[in-house]
Structure formats: structure tokens, C-alpha cells
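# how would this look folded up:
(one chain, ligands or ions: 2)
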Amino acid sequence: MSRIYAIITQKGGVGKTTTVNALASAFSKQGFKVLAVDMDPQGNLSFSTGADSNLPTVFDALTGAARVQRCIQSMPMTDVIPSNILLTGAELEFTGKYREFILKNILQVVENDYDYIFIDSPPGLGFLTVNALAASDYVILPMLPDIFSLQGLVQVYETIQYVQKACNPELEVAGILINKYRRFSKLHREAVGTAQMVAENFDIPIFDTFIRNSAALAEAQSLQCSIYEYAPRAAGVRDYMKLSQEILNSN
Ligand SMILES: Nc1ncnc2c1ncn2[C@@H]1O[C@H](COP(=O)(O)OP(=O)(O)OP(=O)(O)O)[C@@H](O)[C@H]1O
Ligand SMILES: [Mg+2]
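Residues are numbered from 1 along each chain as shown. Ligands and ions are numbered 1, 2, ... in the order given. Below you'll find the model as predicted:
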């Protein structure tokens, strides 16, 4: 049986796509069968994994234009369902009663083929993100150690509660993931302290593993190669491997 993780936050540029890419690679490297699903019309995950967004995408699977199996591409670091800008039309396309469950329905067809499925989502808490949450067992919330990310946590928490009530009572918060962390920054240490208080208040965990700021992560993605091939010893790359162990131990 697969474990499905949605990586969400309404804030842009905090590391959602990087986390999906890195965790998919980390679990693949450890011998697990992994699928990464790009639910962001920006298609950043599709690009960084080297998937071809001109072939059938997640939008085709959602609309039923293509069977979901036909939308899966086997890339060196992971299997991928890519996306492209057409996915922006999904919200207008689906207006029916069970619109939150469209992704869940298509993943059900293939989930037994995988140990882990990671879903990348766009910034925001709209239709695509709600579909990702409705399809998932767990949610990971990446955040930067700054005040704007902290402010966003309240809205994210409310969205998760809505989804738990309305469409997925089994959904669990795996944890808040502190990204781009600089240990020697007083500001970062203070923001993490505040995040810990907020998380305790909401009764949601923070991963013990923090992801350090690491240029190699951005470089590997722009070169479309696995972070473990590109710079296995870089701080951020080791942190993601450690995070995969933390997730494995909690399963
Ligand atoms: N730990 C890190 N160290 C250095 N750079 C990072 C780190 N994490 C992410 N980045 C870089 O920061 C940028 C934003 O990250 P990413 O694209 O993963 O964010 P996102 O939350 O998916 O953004 P969006 O909301 O636009 O989808 C990218 O260029 C990425 O390579
Ligand atoms: Mg992204």
C-alpha cells in the first residue's frame, strides 16, 4: 500500500517543489517505488525531473482525456506525472459536486504500483491544493524561517481543518519543514522558536530535520539532474536524506 504526501503552502518560493523533487529522489535511491505528481501549472517539478510536459499531463488524466497510466513518465530519479499551464483551466473545468476528489480518483488507479507518492502543489490554497490534500494520507508544510511564513501558517492550518472535516478525515500533518535554514542567523533561530510555539498551539509537529540553505539544490534542479548525483555531500542534500529517514521512522 502506498503512502501519499501532499506538499503545500499558500506562500510561493518556500521549497514545495524542491521538497517533492528531493524526497522522491531520496526514496527512489533507497529502493522504493516512487511517483511524483505535478499539480502546479507552473510545471517546475516537471522541468526539474526532466519530464516532457508536451506529453499527456495530469490535466489530461483529471479530465479523462488520457488514462492515468499514459500520463506517467519514468525518469531516472522517479516516475512523474507532469503538468503544464493548461492545468490553470482545471478550476473552471470542474464545477460538479465531487470536484475535490478528482485527483484522488485517478491516483487510486495506480497507487498500488508505488510505495510513496509525493504531490507538488501551486502556491495558494485553492482547488488544486484541496485536491492534493483530499488525495493524501499526510501533508508536509515547508516554511522559511521568517515572519511572512509564520503568518501564513494560520491560513494553512484552517485549510487543513476544512479538508479534514469536508473530504478527508484521515489526513494527518506529517510536519512543518523548516527550509533554507541558516544556523548562524539570529533571525532564523528566533523565527524557528516562534514557529515551535505556533505549532505547539495548533498541535502539529515540526520535523527535527531542518533543510539548510544550499545552492546545490537549486543548481541540480536547473540542470535537471538528481541532487544525489550532482552534489551528494552538499549540506541541503544530506538534510533531505536525513528527512527521508525521519519520515521512514515515523511510518
Ligand atoms: N534549501 C534550499 N537552499 C537553497 N535554495 C533552495 C532551497 N530550497 C529551495 N531553494 C530554491 O528556492 C527557489 C524556490 O524553491 P521552490 O521552487 O522549491 O519553491 P516552491 O514553494 O515550490 O515555489 P512555488 O510556490 O513558486 O511553486 C528555487 O530556486 C529552489 O531551487
Ligand atoms: Mg513549486
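# residue of this protein with the smallest distance to ligand 2?
Distances between the chain and ligand 2 by CB to the ion are smallest at Thr17, namely 3.2 Å. Every C-beta, even on glycine, is put in place using the N, C-alpha and C of the backbone.
# Show me where this protein has its helices.
Here the chain has its helices, by DSSP state H, at 16-29, 44-49, 58-63, 68-71, 90-93, 102-110, 127-134, 147-166, 186-202, 215-222, 227-230, 235-250.
# from the chain's centre, how far out does the first one sit?
The chain centroid and the centroid of helix 16-29 are separated by 9 Å under CA atoms, centre = their mean, to the nearest Å.
# interface residues of the stretch 51-200 of the chain facing ligand 1?
Contact residues (CB under 6 Å from any ligand atom) of the stretch 51-200 of the chain with ligand 1: Pro123, Asn179, Lys180.
# who touches the second one in this structure?
For Asn179, the contacting residues are Val14, Gly15, Thr18, Thr19, Pro142, Met143, Leu144, Phe210, Ile211, taking CB atoms under 8 Å, 6 or more residues apart in numbering as the criterion.
# The fourth one touches Val139, doesn't it?
To tie it back to what came earlier, the one meant is Thr19. No: if you go by CB atoms under 8 Å, Thr19 and Val139 don't touch, sitting 11.6 Å apart.
# Residues that sit against both of those two, list them.
Common neighbours of Thr19 and Val139, counting by CB under 8 Å, 6+ apart, are Ile7.
# Could you pull up phi and psi at the residue nearest to Lys242 when sequence neighbours are not counted?
Closest residue in space to Lys242, ignoring its immediate chain neighbours: Thr209 at 4.8 Å, by CB to CB, 6 or more residues apart in numbering. Per-residue torsions, Thr209: phi -80, psi 120 (degrees, to the nearest 10).
# cool, and Asp146?
According to degrees, to the nearest 10, Asp146 has phi -140, psi 170.
# Contacts only, for the closest residue to Asn84 other than its chain neighbours.
Excluding its sequence neighbours, the residue lying closest to Asn84 (CB to CB, 6+ apart) is Ser53, at 4.1 Å. Residues in contact with Ser53 (CB under 8 Å, 6+ apart) are Gly43, Ser46, Phe47, Pro82, Ser83, Asn84.
# so which of those residues would you say is closest to Ala218?
Ala218 lies nearest to Phe47 out of the contacts of Ser53, by CB to CB, at 12.7 Å.
# show me what contacts the closest residue to the closest one other than its chain neighbours?
Nearest residue to Phe47 in three dimensions, chain neighbours excluded: Gln224, at 6.9 Å (CB to CB, 6+ apart). By CB under 8 Å, 6+ apart, the contact set of Gln224 is Phe47, Ser48, Thr49, Gly50.
# weakest of the helices of the chain in terms of mean pLDDT?
Ranked by mean pLDDT, the helices of the chain bottom out at helix 90-93, with a mean of 88.
# That one packs against which elements?
helix 58-63, helix 127-134 (3 or more CB pairs under 8 Å, 6 or more residues apart in numbering; DSSP states H and E).
# Export the ones you listed as a markdown table, with columns for distance to Leu153 and mean neighbour count.
Below are the helices and strands packed on helix 90-93 laid out as a markdown table (distance: least, CB to CB, whole Å; neighbours: other CB atoms under 10 Å):
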| stretch | distance to Leu153 | mean neighbour count |
| --- | --- | --- |
| helix 58-63 | 27 | 23 |
| helix 127-134 | 15 | 24 |
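# how about the residues of this protein near ligand 2?
Applying CB under 5 Å from the ion, we find that the chain lies next to ligand 2 at Lys16, Thr17, Asn44.
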